[in-house]
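Peer 1: with the sequence up front, the predicted model follows.
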Amino acid sequence: MLKEQEWLIHKAAVVIDALIVCASFLLAYVLRDNLDLYFLHKMPSFSEYFIFMVIIVPLWITMLRASGVYQSMREKLLGKIFWSVFEASLAATLVFSTVAFLLKFDFLSRVFILILFGSTVTLLSIEKWAVLLALRRLRRQGLNFREMLIVGSGSRARRFAGAIESHPEWGIKIHGFIDEKEMMGKYVGNSRVIGSFEDLAFILDENVVDEVVFIMPRKWLDNLERYIKICEKVGVRATVAIDFFDTSIAKPIVKDMHGWPLLTFDSTPFDLSARSLKRGLDMMCAAFGLVMLSPLFLLISMAIKIGSRGPVFFKQIRCGLNGRQFSILKFRTMVVDAEEKIAELKRLNELEGPVFKIKNDPRVTFIGRFLRRTSLDELPQLINVFKGNMSLVGPRPPLPSEVERYERWQRRRLSMRPGITCIHEVKARNDKDFYNWMKLDLEYIDNWSFELDFRILVRTFLAVIKGTGC
């Protein structure tokens, strides 16, 4: 019954969101059509715009689903819900704008798209906020809740129960605990131990229980299969806490591989839908950027050829995701034989660790100094992003010779796809301590989110405008 209710609630949420996107589309059209500014062309009839609504609604719902908007709201904070709506709406807007540009929908108003984005984010956020507050109020009054039975009463079970009891808005009630016979009747937090392991079947038969959570010590795991089968037989959901091992970074994840349930300890952000969305946005932004910046590419290429002999692009082998090697592309900023001169300049290296950098590098050409100061030399890496070697944001790709000198803990820096810009480029650009760079990159990996990527991109853009490149 609970699963059927969840399915109905999910479908209702999708339908309501689709109606809101439709309403936002109509609102954006009306507002744009009534804007009477001299630089705005007259809007086409709504019948011509209707095809866009047919595309936008399912696109928006897909992005909302990928951002986790339709997952349970029981444990979510309002800010997290708003950000999920914002990033899904931004992704949908970017995808739609890119498709419209590539298909040359010249009559599509840019102002209309901006109004659509703003109105959709606003209306969806208001809707989610109202639903969240309504559900929390119902749960505080004892309605719309789940009855949970906890197997185990040790320190882990106590912490888990404490988290549930401190969040009544989650809508979870602890029916009681199951433990060894000598624990019978004792209180764990605000609930009692109501039975031993042998009483599990009887308790499920005689009481309303929606879910059984096993938070047991490893020494009891031999009997876990038998207890799970008891839950399976009566149709009650069984959940096993998988924090069996005390890992400080790696997060335990259960996944299915062709019918084989696997317990994975992943030390990088695992959200597959978010990673896929990040990759899709990387590809579309890279494609859009390459098309829009092609005149600038041509001008820079001509300047490089006029300024010094040699090729326009500089290629170098770098290490990418999990150490995969690829050729990174940059606009050439140095003399042709720059690589051969490293040995005689190593004594001037200003950084600690395996990296090499000189502020006033004598190998840099006149045009190269300008390109580096404005970070325009990095633009060809959009090709690497489109090909999948790199991302827009991520740890900078190191040289293989640098990786060989990494300490073991530093190799985790390779666990995410490298980026054109990174956290230390905007947070500690002038910091010469290589180890601080490493710590910042690992901090980025451990706390990765679209919000963090967005902030880094904005700060990178501001740095480029100010010309504070190096």
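Peer 2: Noted; the coordinates are in hand.

Peer 1: ranges for the helices of the stretch 1-150 of the chain?
Peer 2: For the stretch 1-150 of the chain, the helices defined by DSSP state H, counting those that start in this stretch cover 2-33, 46-66, 78-102, 110-140.

Peer 1: please identify the deepest-packed of those helices.
Peer 2: Sort the helices of the stretch 1-150 of the chain by mean neighbour count, taking mean count of other CB atoms under 10 Å, and helix 78-102 sits at the top with a mean of 19. Bear in mind the C-beta positions are built from the backbone N, C-alpha and C, glycine included.

Peer 1: quick one: mean pLDDT over that helix.
Peer 2: Across helix 78-102, pLDDT averages out at 82.

Peer 1: my guess is residue 52 meets residue 109, correct?
Peer 2: No: Residue 52 lies out of contact with residue 109 (CB atoms under 8 Å); the separation is 10.4 Å.

Peer 1: point me to the helix or strand that includes residue 330.
Peer 2: strand 325-331 (DSSP states H and E).

Peer 1: neighbouring contacts of that strand?
Peer 2: By CB atoms under 8 Å, 6 or more residues apart in numbering, the surrounding residues in contact with strand 325-331 are 300-301, 304, 312-320, 371, 376-381, 383-384, 389-390, 397, 400.

Peer 1: what's the answer for stretch 394-410, then?
Peer 2: Under the criterion CB under 8 Å, 6+ apart, residues 316-320, 323, 325-326, 328, 353-355, 390, 411, 413-414, 416-419, 422, 425, 438, 441, 444-445 lie in contact with stretch 394-410.

Peer 1: find the least confident helix or strand in the chain, judged by mean pLDDT.
Peer 2: Least confident element among the helices and strands of the chain, by mean pLDDT, DSSP states H and E: helix 342-345 (a mean of 62).

Peer 1: what's the first helix or strand after that one?
Peer 2: Moving toward the C-terminus from helix 342-345, the next element (DSSP H and E) is helix 366-373.

Peer 1: report the buried residues of that following helix.
Peer 2: 367-368, 370-372 (16 or more other CB atoms under 10 Å).

Peer 1: same thing with stretch 406-418?
Peer 2: Using 16+ other CB under 10 Å as the test for burial, stretch 406-418 gives 406, 410, 412-418.

Peer 1: just the ones of the residues you listed in strands?
Peer 2: With strands taken from DSSP state E, there is no overlap with the buried residues of stretch 406-418.

Peer 1: of the residues you listed, closest to residue 129?
Peer 2: Nearest to residue 129 among the buried residues of stretch 406-418, counting by CB to CB, is residue 416 at 32.7 Å.

Peer 1: that closest one contacts residue 447, doesn't it?
Peer 2: No: contact criterion CB under 8 Å: residue 416 and residue 447 do not qualify, at 11.7 Å.

Peer 1: looking at residue 13 now. What's its pLDDT?
Peer 2: The pLDDT attached to residue 13 in the predicted structure is 82.

Peer 1: identify the spatial nearest neighbour of it, chain neighbours not counted.
Peer 2: Of all residues not flanking residue 13 in the chain, residue 70 sits nearest, at 5.9 Å (CB to CB, 6 or more residues apart in numbering).

Peer 1: number of nearby residues for the one you found?
Peer 2: Neighbourhood size, residue 70 [other CB atoms under 10 Å]: 17.

Peer 1: for residue 237, what are phi and psi?
Peer 2: Dihedral pair for residue 237: phi -60, psi 130, per degrees, to the nearest 10.

Peer 1: so what's it bridging to?
Peer 2: Beta-bridge pairing of residue 237 under DSSP bridges involves residue 211.

Peer 1: tell me the pLDDT of it.
Peer 2: At residue 237, pLDDT is 84.

Peer 1: show me the contacts of strand 325-331 that map onto strands.
Peer 2: Among the contacts of strand 325-331, the members falling in strands are 313-319 (criterion: DSSP E).

Peer 1: now rank those residues by neighbours and give me the top one.
Peer 2: Neighbour counts for the ones in strands among the contacts of strand 325-331 peak at residue 319, which has 23 neighbours (criterion: other CB under 10 Å).

Peer 1: that residue and residue 152: what is the separation?
Peer 2: Distance of residue 319 to residue 152, computed by CB to CB, to the nearest Å: 44 Å.

Peer 1: the nearest residue to residue 18 once chain neighbours are set aside and residue 15, how far apart?
Peer 2: Leaving aside its sequence neighbours, residue 18 sits nearest to residue 57 (CB to CB, 6+ apart; 5.3 Å). Relative to residue 15, residue 57 is positioned 11 Å away (CB to CB).

Peer 1: what residues are up against the closest residue to residue 450 other than its chain neighbours?
Peer 2: Ranked by CB to CB, 6+ apart and with sequence neighbours excluded, the top spatial neighbour of residue 450 is residue 87, at 4.3 Å. Residues near residue 87 by CB under 8 Å, 6+ apart: 67, 450-451, 454.

Peer 1: now residue 230
Peer 2: Residue 230 makes contact with 200-201, 204, according to CB under 8 Å, 6+ apart.

Peer 1: what's the pLDDT at residue 430?
Peer 2: Predicted confidence (pLDDT) for residue 430: 59.

Peer 1: just to check, residue 443 is in contact with residue 427?
Peer 2: No: using CB under 8 Å, residue 443 is not in contact with residue 427; the gap is 9.2 Å.
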